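> A structural model of the following input is requested.
(one chain, ligands or ions: 1)
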Amino acid sequence: MSFHIRPLVRRFRPYTPGRSIDEIREKYGLQQIVKLASNENPLGTSPLVQEVLRKKASFAFRYPQSGNPRLVEALAARHHVSPSRIVVGNGSDEIIDVLIRICMDPGVHNAVAFKPCFGIYSTQTAFHGVELRQTPLNEDFSFPWNAMLSKIDDKTSIVFVTSPDNPSGYAAKADELEQFARRLPQHCLLLVDEAYTDFAENDEEYSMIPRLHTLQNVAVLRTFSKSFGLAGLRLGYAILPEDLADLFWRVRLPFSVSILAEEAGLAALADIDFRQETLRTVREGRNVLFQGLRQLGCHVFPSLSNFLMFSLPSGGPDAAELNEELLRRGYIIRPLSSYGLPSHLRVNVGTEEENAGFLNAVREILNR
Ligand SMILES: *Cc1c(COP(=O)(O)O)cnc(C)c1O
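Reported below is the predicted structural model:
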């Protein structure tokens, strides 16, 4: 190829997604596949959302309204914040990407995160040409705040914290996050990724949203991909300091949230029953999986999220072998080698039946 390519693009290591159902069905010649790999909603898509999508299908030829004002208003009302602080994007992935490009000069500024962290923080900082400094998590996957602070200098622009964390499920209380935010220099934005916060039993103790009005340098990211069940439509949002929200709208690609994603988002916010049922299913299923894996001798990490991280008892198959055997039986979960955790696995909570089937398959493979 004779075009110029940025050297960092040639070196680029892409995001590793969970395996897809079609891919595994074909490879193993299976009829029935259970996917518990990408933290999707166990109940699928809300019936109300499906109805709205059918109704609005004929509007697909229109461009969405600039700035998605109806969705922004609905989100502002939901969280009791000013609409001028809300931004929406093509998944929270897009918001992460745009914030990196707003806040940092390539080769000059840096971002800080824990290690391991959500893959998009590393891919998008790398693509933009800014350094990502990573602080190893504590042994129990809790957050080493002092060590993180020591990575921060006068060129640090964004500090990423996912809570509940992916892949461990560990969550810090909002009190703890606030204390940390108050220790940060004013030029650092603490970006708290709350993709999973609503799965926590007492989510008000964990969310930073009620405290945002007292903290100038904190922003919160949320998504429709998990508890709202819209991963495939791509819709995320953030509550930002007002100046940053304004800049976001100026530089974001104008129509990155499609007209159907916007309608689906509004319908998902309105379908309170579906959401309650999702939260109940996830919280109950999480206990079932936690106890079940423990009884099989696995080391299971406490999780406030819609997934569990675990490692296997010694003397049996290793994580890669278990994963392969599960695939043969039609269960897709997430091996964590791309997170630098080759002996850990992550499984998301499914329906009651899926959870039971998964536990049976693990029991059979571990021969217990
Ligand atoms: C799933 C997930 C998201 C959501 O990403 P979308 O682009 O909104 O689908 C964000 N952050 C973390 C840590 C996640 O695991």
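
> Enumerate the residues of the stretch 1-150 of the chain near the ligand.
39, 91, 92, 93, 118 (Cβ under 6 Å from any ligand atom). C-beta: built from backbone N, CA, C; applies to glycine.

> Show me those that map onto helices.
By the criterion of DSSP state H, membership of these in helices covers 91, 92, 93.

> what bits of the chain have low per-residue confidence?
By pLDDT under 70, the chain has no low-scoring segment.

> Could I get the full set of helices for it?
Secondary structure of the chain (DSSP H): helices at 7-10, 21-28, 47-56, 69-79, 91-103, 119-128, 145-150, 174-183, 242-251, 259-270, 272-295, 319-328, 352-366.

> For stretch 323-336, buried residues please.
Under the neighbour-count criterion of 16 or more other Cβ atoms under 10 Å, stretch 323-336 has 323, 325, 326, 327, 329, 330, 331, 332, 333, 334, 335, 336 buried.

> how far does it sit from the chain's center?
21 Å (Cα atoms, centre = their mean, to the nearest Å).

> Can you pull out the residues in contact with it?
Applying Cβ atoms under 8 Å, 6 or more residues apart in numbering, the external contacts of stretch 323-336 come out as 18-19, 21, 24, 27-28, 30, 32-38, 116, 167, 307, 309, 317, 319-320, 342, 344-348, 357-358, 361-362, 364-365.

> that older thread, next, format the helices of the chain as JSON lines and append distance to residue 231.
Formatted as JSON lines, the helices of the chain follow (distance: least, Cβ to Cβ, whole Å):
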{"stretch": "helix 7-10", "distance to residue 231": "27"}
{"stretch": "helix 21-28", "distance to residue 231": "13"}
{"stretch": "helix 47-56", "distance to residue 231": "12"}
{"stretch": "helix 69-79", "distance to residue 231": "17"}
{"stretch": "helix 91-103", "distance to residue 231": "8"}
{"stretch": "helix 119-128", "distance to residue 231": "14"}
{"stretch": "helix 145-150", "distance to residue 231": "29"}
{"stretch": "helix 174-183", "distance to residue 231": "26"}
{"stretch": "helix 242-251", "distance to residue 231": "22"}
{"stretch": "helix 259-270", "distance to residue 231": "11"}
{"stretch": "helix 272-295", "distance to residue 231": "13"}
{"stretch": "helix 319-328", "distance to residue 231": "21"}
{"stretch": "helix 352-366", "distance to residue 231": "17"}
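
> ok, residue 300 touching residue 293?
Yes. The criterion here is Cβ atoms under 8 Å, and residue 300 meets it with residue 293 at 4.8 Å.

> Residue 314 - how many residues pack around it?
Neighbour count of residue 314, defined by other Cβ atoms under 10 Å: 7.

> And for residue 62?
The tally of other residues near residue 62 (other Cβ under 10 Å) stands at 9.

> hang on, the earlier thing: just curious, which of the buried residues of stretch 323-336 is nearest to residue 260?
Checking these against residue 260 by Cβ to Cβ gives residue 332 as the nearest, at 26.7 Å.

> measure the closest one to the ligand for me?
As judged by Cβ to the nearest ligand atom, to the nearest Å, residue 332 and the ligand stand 16 Å apart.

> partner residues bridging that residue?
For residue 332, the beta-bridge assignment (DSSP bridges) gives partners residue 35.

> do you know how far it is from residue 288?
From residue 332 across to residue 288, the span is 19 Å (Cβ to Cβ, to the nearest Å).

> for the most centrally placed residue in the chain, what are its contacts?
With distances taken as Cα atoms, centre = their mean, the residue of the chain nearest its centroid is residue 195 (4.7 Å). Taking Cβ under 8 Å, 6+ apart, we find residue 195 in contact with 92, 162, 166, 221, 222, 223, 225, 226.

> Isn't the last one up against residue 42?
No. At 10.5 Å, residue 226 does not count as touching residue 42 under the criterion of Cβ under 8 Å.

> follow-up on the earlier one: touching both of residue 300 and residue 293, which residues are there?
Joint contacts of residue 300 and residue 293 (Cβ under 8 Å, 6+ apart) are 308, 310.

> quick one, which of these two is more surrounded?
residue 293 (22 against 19).

> Relative to residue 281, how far out is that one?
Applying Cβ to Cβ, the value for residue 293 to residue 281 is 18 Å.

> Ok, residue 261 next?
According to Cβ to Cβ, residue 261 and residue 281 sit 24 Å apart.

> the more surrounded of these two?
Neighbour totals were compared for residue 261 and residue 281, and residue 261 leads with 25 against 19 (other Cβ under 10 Å).

> show me the contacts for the more buried one.
Residues near residue 261 by Cβ under 8 Å, 6+ apart: 90, 230, 233, 234, 235.

> and for stretch 262-282, what are the contacting residues?
41-43, 46-49, 51-53, 56, 59, 64-65, 68, 70-71, 74-75, 78, 88, 198-199, 224, 227-230, 233, 235, 257, 306, 349, 351-352.

> Is it possible to get CSV of the contacts of residue 261 that adds neighbour count?
Below are the contacts of residue 261 laid out as CSV (neighbours: other Cβ atoms under 10 Å):
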residue, neighbour count
90, 20
230, 24
233, 23
234, 19
235, 29
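
> For residue 77, grab the count of nearby residues.
Neighbours of residue 77 using other Cβ under 10 Å come to 11.

> Revised request: answer the last question for residue 186.
7.

> how far away is it from the ligand?
According to Cβ to the nearest ligand atom, residue 186 stands 25 Å off from the ligand.

> now swap in residue 275 and tell me
Relative to the ligand, and taking Cβ to the nearest ligand atom, residue 275 is found at 16 Å.
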